[in-house]
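1. build me a model:
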Amino acid sequence: MNFSALFIRRPVLSTVVALLILLLGFQGLFNLSVREYPKVDETVITVTTVYPGANPDLIQGFITAPIAEAVATTENIDYVSSQSMPSSSVVTVQMKLGSNPDTALTEVMSKVQEVRGQLPSGAKDPTIVKGTGQQFAIMYLAVQSPHMTSEQLTEYIERVLRPRMSTIEGVAQVQVLGAANYSMRVWIDPIRLAARGLTAADVLGAINSSNFLAAPGKTENEYVAQSITLRSTLQTPESFAALPLKSDDKNGVVRLRDVARVELAAESTDTRVVFNGQPGTFIGIFPTPSANPLDTASAVERELPDIQASLPQDMSITLVYDATDQISASIKEVFKTIGEAVIIVILVILLFLGSLRSVVMPVITIPLSLIGVGFFLFLMGYSINLLSLLAMVLAIGLVVDDAIVVVENIHRHMEEGLSPMDAAFVGMREITGPVVSMTITLAAVFAPLAFTGGLTGALFREFALTLAGAVVISGLVALTVTPMMSARLLKSGSHSRFATFVDRTFDRIANRYERLVSGSLKYRPVTLMIVIALVSVTGFMFFKTSSELAPEEDVGALFSLVSGPRFATSDYTSLYLDQSYQITKDLPELRAAFSVVGIGGGTNSGFAIWAFNDWAERTRSQKEIQTDIQGRLGKLAGVEALVFAPPSLPGAGGGLPISIVIQSTGEASQVYEVAEQIRREAQASGRFIIVQNSLSFDAPQVTVTIDRDRAAAMNIPISEIGQTLGLLVGGAEVAQFDRDSNSYDIIPQVPQEYRNNPERLGDFFVRASSGEMVPLSTVVKISTNSSPASIDQFNQLNSATISALPVPGVTTGTGVQTIEQIAQSALPNGFFIDYSGQSRLEKEQGNTIMIAFALAVVVIYLVLAAQFESFRDPLIIMMSVPLSIFGAIIPLNLGLGTLNIYTQVGLITLIGLITKHGILLVEFANQLRAEQGLSRRDGIVASAKVRLRPILMTTAAMALGVVPLITAQGAGAAARYSMGLVIFSGILIGTMFTLFVVPMFYTFLASKDHGDAYAHDAPQPEAEPAPSR
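-> Numbers count the residues shown, from 1 in each chain. Here you go, the predicted model:
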């Protein structure tokens, strides 16, 4: 008795199995979280150190170098990059995907602490932040008020909104854009200061000595303890202005107001934010590395009504941009696609079987498999996401395959005169082996993908196991529920006219196909030569296909990076960002626009975001809008403006899609020259809208050279010259004061008119040993030149990053290859290239996918060899795999798609799909030869005729089931289209070749005595006892 006979006899047992699958599946699904992609532990740790007034060379040598060297030994590091900029050092530690973020943070903090003592005394303590590496927040909120100043808005945000939002679960950072934090600005007049015989050091000393933070303790006696409060700090501009600097008989008491203007004002005005043309302050929400962005955004939105209700009367908070809108829309679209695929597959089965009764058995497999796999996902700790849902879309066409094969085989025996019950027994004896083989084979094809590392493994592990789990459940259903239902629902005797028409049609097709196969076997050498030619062409086409990491998705928003000359101020950059809004505000799709000046890149840079209407409300795609905006911004003279879509995959970072790093042990100036040559040639290639070199030597720099002999003769310490310039020009905080239980910076500086011209530095005074006030022009020489805006390093080597935005029609893979070819001829000895951002991921994942593909082929071969107890039969079955790949590559070569992470996974999926056809043909041919003693040729021809109908049915179900993926629109459509395209084309063309190529190879490679061996090894069928009535 075979396995299925037990369930055919016991319908209640079969029903219990089905209900148990549904029960466990629902229990799992209801407990799964919903997110955009599977959880990807991407960790980026940033170490920022501020050293006010220091130039990039000093920052690099004394701060960046020791910190970068220390953190480079952290475990699981992918790479370390650094930037040494005026007054600050930023060391970025990019961890490998999957690294534990908390462990990494702890280790980096420990290593930074070890070198803290080596840093200059004037440097502030390093700030260490753990993040996901995303350049842009998942949410931006505008805070505005018609009557409040920027300082007042910032004060409210810092005291009320930031602490409140920081406590929301999943929020890692609440970034305030356009912040104007209060500070005590001391605007020193150097002429008045010198006239009273004072120096900047005197002002600093007075501030520090008169603004002292004291903790005097408490008094206590036997019964009472009282704390002591010493009002030793200054809190108002008036109290600071009255601060005595010196007292003598000639001038009396010289107070700070005599030499400076004191006011409570913003510590910096370099950062500005504009929302829909109006100034404001923005809040950016960044999630933690382990948080679900959907949950985080939902939690923030739930909190907004309460926040809005508690705001002052004339203040408002508006959600401007929510990146999770696209996630939610994508998930809705996939659910819609699932529904469409189910309807199409049902119609296909009805068309091929011609009977509503016959349709019920395959169709019931769909909910059982899709719901049942939820239990597997729950056990593995997975989620409902775009990729697991995409796996369910593909599963709709797959899970019905086994049931189709079972129903068709039982139906065939009924046509030969058996009752439904007997046909079920006989049919399952024949088909159990192929069903088990197909199920195991298709599940096994995803094993390498499930255990792959890197981004591919992190993203597609859940995809692979979802699809494999659904297939395993469908195989179980096909061996238990389907034969039981077939034995009781199918009816012998007369058929409907439509069913009769369908049967006759397929009989004619099968007879015609039998003649074609027989005829093709007479020309086996010709067929073999055609196969060899097609396989060769497949390899050529594969490596010529345009590639990219992932297709660009329509996320409903576009970003722009705007950069002006190195000397540009925030006023200069704001002017052009305002113009960018004015020339784009008439876009019909535009819902909101905002821009920020002075974030990250300095006052000469900014970024803008355009948020668009819902996908259903737009007539143009994001790509079309991008081309339109880029054309408009290209007319702006004086700035470079790049428009791009945010990356569609987690772990891809931000910025431009192509990032190639030029490295060398040579000087930064040498790196710049080589990188600039590569940039010019790449720009001239015509394949890029813009190519940028991160390293530049056009930053204006004022060099102050001290005449040491003259300074020594006047007994003027070098340190006093440096301190004077730092205090009067640097704009650094020198102390803090208390105001309403918060601390704020005290920032002395000369007014703007003393900083407009480098020559004005000579008007500053220092004190000689004689007490005489000496102008700096006496002991220094002032000159101007150009210097690097920053010193960049990648893995502790001087570097420059070539970033590029390809023109429409040029993929990132082609763009990277273009720059690589230019670099090969341009790089001198001692120079080499590396990759960062999306380009690094694309390079890594390309190799990973190739390995996974090769392993999938090997695993399937070994699994089939174990099942067939033969090394020849699996080879025959898998001969159709390269031809299926050939069919999948054709549309990509025609420009209908690219070779990306989705199409490559689709190719791996094809391996399992196409081998199912070979299993049906070879397994049944072996049975026929064992039972009837047929030759190899007669056995495979007979098998091909009998198995044609289930092969065509499963192919049609799979191919048409992915049509909704190909026709997808809206959010997330590009990924669905990419995978659907290769499966549709590959399965159709692969099946066509399978029907002729597998028989040909069978006659070449099958063992001549295989039928006898098969008959000897296989258990002889025994008569089933009559079922109880």
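
2. what's the spacing between the longest helix anywhere in the chain and its chain's center?
-> When every helix of the chain is counted residue by residue (DSSP state H), the longest turns out to be helix 454-489. Average the C-alpha atoms of helix 454-489, do the same for its chain, and the two points are 28 Å apart (C-alpha atoms, centre = their mean, to the nearest Å).

3. pull out the buried residues from the helix or strand just after it.
-> Next helix or strand after helix 454-489 toward the C-terminus (DSSP states H and E): helix 497-520. Buried residues in helix 497-520, counting neighbours by 16 or more other C-beta atoms under 10 Å, are found at 499, 502-503, 506, 510, 513-514, 517, 520. To be clear about C-beta, it is placed using only N, CA and C from the backbone, and glycine gets the same treatment.

4. swap in stretch 603-622?
-> Along stretch 603-622, these residues count as buried under the neighbour rule (16+ other C-beta under 10 Å): 603-612, 615, 618, 622.

5. so what's residue 542 up against?
-> 885, 889, 899 (C-beta atoms under 8 Å, 6 or more residues apart in numbering).

6. which SSE is the second one in?
-> Here residue 889 is covered by helix 881-893, with elements defined by DSSP H and E.

7. mean confidence for that helix?
-> Averaging pLDDT along helix 881-893 gives 93.

8. what comes into contact with it?
-> 531, 534-535, 537-538, 541-542, 544-546, 857, 897-899, 903, 906-907, 910-911, 913-915, 981-983, 985-994, 997.

9. count of residues packed around residue 460?
-> Using other C-beta atoms under 10 Å, the number of residues around residue 460 comes to 29.

10. what about the closest residue to residue 461 other than its chain neighbours, how many neighbours?
-> For residue 461, ignoring the flanking residues on the chain, the nearest one in space by C-beta to C-beta, 6 or more residues apart in numbering is residue 450 at 5.2 Å. Close neighbours of residue 450, defined as other C-beta under 10 Å, add up to 16.

11. tell me if I'm right that residue 450 and residue 468 touch.
-> Yes: the pair residue 450 and residue 468 passes the contact test of C-beta atoms under 8 Å, sitting 7.4 Å apart.

12. tell me how far residue 152 lies from residue 860.
-> Residue 152 sits 67 Å away from residue 860 when distances are taken as C-beta to C-beta, to the nearest Å.

13. again with residue 236
-> Residue 236 sits 79 Å away from residue 860 when distances are taken as C-beta to C-beta.

14. looking only at neighbour counts, state which of those two leads.
-> Neighbours were tallied for residue 236 and for residue 860 using other C-beta under 10 Å; the higher tally belongs to residue 860 (24 against 13).

15. against residue 997, how distant is that one?
-> Residue 860 sits 17 Å away from residue 997, going by C-beta to C-beta.

16. what residues does whichever strand or helix holds residue 103 touch?
-> Element membership of residue 103, judged by DSSP H and E, is helix 101-115. The set of residues external to helix 101-115 that reach it, using C-beta under 8 Å, 6+ apart, is 41, 43, 45, 47, 66-67, 69-71, 73-76, 93, 95, 126, 128, 130, 289-290.

17. need the buried ones from those selected in PyMOL.
-> Restricted to the buried members of the contacts of helix 101-115, where burial is judged by 16+ other C-beta under 10 Å, the PyMOL selection command reads as follows:
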select buried, resi 41+43+45+47+66+67+70+71+74+93+95+126+128+130+289
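
18. any chance of the contacts of residue 542 in CSV, with distance to residue 366 and neighbour count too?
-> Conversion of the contacts of residue 542 to CSV gives the following (distance: C-beta to C-beta, whole Å; neighbours: other C-beta atoms under 10 Å):
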residue, distance to residue 366, neighbour count
885, 28, 24
889, 30, 26
899, 31, 24
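
19. isn't residue 678 up against residue 823?
-> Yes: at 5.5 Å, residue 678 counts as touching residue 823 under the criterion of C-beta under 8 Å.

20. following element in sequence after the helix holding residue 103, please.
-> Towards the C-terminus, the helix or strand next in line after helix 101-115, according to DSSP H and E, is strand 127-131.

21. sheet partners, orientation included, of the helix or strand that that following strand is followed by?
-> As assigned by DSSP H and E, the chain's next helix or strand after strand 127-131 is strand 139-144. Strand pairing for strand 139-144, determined by DSSP bridges: strand 281-287 (antiparallel), strand 316-322 (antiparallel).

22. let me see the mean pLDDT of strand 139-144.
-> Model confidence over strand 139-144 averages 90 on the pLDDT scale.

23. for that strand, buried residues please.
-> The neighbour-count criterion (16+ other C-beta under 10 Å) identifies 139-144 as the buried residues of strand 139-144.

24. give me the contacts around it.
-> Contact with strand 139-144 is made by 153, 156-157, 161, 177, 273, 275, 278, 280-285, 297, 300, 304, 315-324, 594, 609, as judged by C-beta under 8 Å, 6+ apart.
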